[in-house]
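**Student:** here's a sequence, model it:
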Amino acid sequence: MKRINFLTIIFLMAMPLIDFAQSHRECYNTVSYCETDRKSGFTKNMQSLSGAFEQGDTSEVQIIVYKNMEYRISICSPSNPEFLGKFQFKISEDINKGVWEETTIYVDSTYEDENYDTQTVKVPKVQRKRVYEVTEKVRYDNADDEMSQDFVFTSNKTRKLKVKVYVPKAEGEEMSSGLSGSSYACVGLLIEHQPGVISGFSR
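**Tutor:** This is a model prediction of the structure:
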């Protein structure tokens, strides 16, 4: 029986990790190649991200948007230009909603019977408590907007949003460029901002 070198086993086990790390190095600046909208006054936001993602994967990130600011969110993948127009992304927000929660407890109740003896029985009592439930509300889904690869909006208050990106799969087995022929795609999530239009009177 042939002996397998221990170092060979470690190298084979580490290959996927090496490939993944290399993918991230190649993708670290992807967002810089996304098409911007500087002509409209937008500036790149520091929350913009780049990364390597397995084709067919889903990724979710959390961002903060501020009151009376206008934002533009867009997706690009220079390594896979065939993905243009195929990225699906959703923008959602966790909403705290107060609801009344009712529970039934049993308490002791005393009374005198016909013989004037004190009797104790258990009677039900409903208790109400205000609790808060977190529900996810989808604010935007580009699947309902002809798969638009960018979205512009203004927030009327400061809030935390979640951006969920669905990375499509290439029709062929090989990638068009980069990432050493792996199944990973370089994806850029570009976030841009500018002061929004404030309506109403001001002092």
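
**Student:** look up phi and psi at the residue most central in space within the chain.
**Tutor:** What sits nearest the mean C-alpha location of the chain, by C-alpha atoms, centre = their mean, is Glu60, with 3.1 Å. The phi/psi pair for Glu60 (degrees, to the nearest 10) reads phi -130, psi 130.

**Student:** for it, list each beta-bridge partner.
**Tutor:** Lys164 (DSSP bridges).

**Student:** what about the residue lying farthest from the centre of the chain, distance to Val187?
**Tutor:** Here the centre of the chain is the reference, and by C-alpha atoms, centre = their mean the most remote residue is Asn115, at 69.5 Å. From Asn115 across to Val187, the span is 82 Å (C-beta to C-beta, to the nearest Å). Heads up, the C-betas are built off the backbone N, CA and C, glycines and all.

**Student:** now Lys162
**Tutor:** 16 Å.

**Student:** thought the residue nearest to the centre of the chain was touching Lys162?
**Tutor:** Yes: between Glu60 and Lys162 a contact is recorded at 5.8 Å, counting by C-beta atoms under 8 Å.

**Student:** so the residue farthest from the centre of the chain, which of the three states?
**Tutor:** Reduced to three states with DSSP: H, G, I helix; E, B strand; the rest coil, the structure at Asn115 is coil.

**Student:** which residues of this protein score low on pLDDT?
**Tutor:** Applying pLDDT under 70 to the chain flags residues 1-25, 172-182, 198-203.
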